[in-house]
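>>> Return atomic coordinates for the entry below.
(chains A and B)
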Amino acid sequence: GNSVTQMEGPVTLSEEAFLTINCTYTATGYPSLFWYVQYPGEGLQLLLKATKADDKGSNKGFEATYRKETTSFHLEKGSVQVSDSAVYFCALSSSGANSKLTFGKGITLSVRP
Amino acid sequence: GAGVSQSPSNKVTEKGKDVELRCDPISGHTALYWYRQRLGQGLEFLIYFQGNSAPDKSGLPSDRFSAERTGGSVSTLTIQRTQQEDSAVYLCASSSSSGGGTDTQYFGPGTRLTVL
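Below you'll find the predicted structure:
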């Protein structure tokens, strides 16, 4: 079955530091890949996505590239801000009719001033 | 327009009682999903509705869990004879997708269920 593995957290960084959050997946077929974010006190929202190999998703300074050869979708940001403090979830969706999301466990990012 | 709404936001119940959780999807979205998030875990898929098709119930953890979607809009998740391991945040999501896996799912704020 499908699965998503995220690096263990939590992660604490200073403002303006470089961020990488690793995500690898196992899936049959050609899944779409997503990063969702949950800010404190808010609901889960889409951060970015990529629907085919070599696609790069980007939003709010975050980027992730769909790497089929390494089955990875690592999230990066060149300079984090305090406002980026949140829980980040990597997820995949199969190409079948169901389209349910399979999530990683999530990682908490704290950015200190 | 309005996003996905869920009610109640919090529910505390005693072991053995039944609970109903409600989800109101984004207007016009044909696909509706229920997920569960237990403490320290990722989200687990529970059930999927698409239009008037039979729901995909493959994620329901036991026969104490059931869900319905009336008129292709509002959905209710029912948990009978609640157990302490049912304590979790229950999230609802909707999308305009008819399948294929590429569309964005929009999530509600969730219902936090605590079973004492």
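
>>> Contact residues of chain B facing chain A?
B:3, B:31, B:33, B:35, B:40-45, B:48, B:50, B:56, B:59, B:91, B:93, B:95, B:97, B:99-110 (Cβ under 8 Å from any Cβ of the partner chain). Any C-beta I mention is one placed from the backbone N, CA and C, and that applies to glycine too.

>>> Just the buried residues of these.
Applying 16 or more other Cβ atoms under 10 Å in any protein chain shown to those, the neighbour count classes B:31, B:33, B:35, B:42-45, B:48, B:50, B:56, B:59, B:91, B:93, B:95, B:97, B:101-110 as buried.

>>> So which of the residues you listed belong to strands?
Residues of those located in strands (DSSP state E): B:31, B:33, B:35, B:43-45, B:48, B:50, B:91, B:93, B:95, B:106-107.

>>> Closest to B:Ser7 out of the residues you listed?
When those are ranked by distance to B:Ser7 (Cβ to Cβ), B:Leu91 comes first, at 13.0 Å.

>>> where's the residue nearest the centre of chain B relative to B:Pro61, distance?
Residue closest to the mean C-alpha point of chain B, counted by Cα atoms, centre = their mean, is B:Trp34 at 2.9 Å. To B:Pro61, B:Trp34 is 12 Å away according to Cβ to Cβ, to the nearest Å.

>>> what is in contact with those two at once?
Residues touching both B:Trp34 and B:Pro61 (Cβ atoms under 8 Å, 6 or more residues apart in numbering or on different chains): B:Leu46.

>>> Report all helices and strands that the helix or strand containing B:Thr78 contacts.
For B:Thr78, the element it lies in under DSSP states H and E is strand B:75-79. Using 3 or more Cβ pairs under 8 Å, 6 or more residues apart in numbering or on different chains; DSSP states H and E, the elements in contact with strand B:75-79 are strand B:19-24, strand B:31-37, strand B:43-50, strand B:65-69, strand B:88-95.
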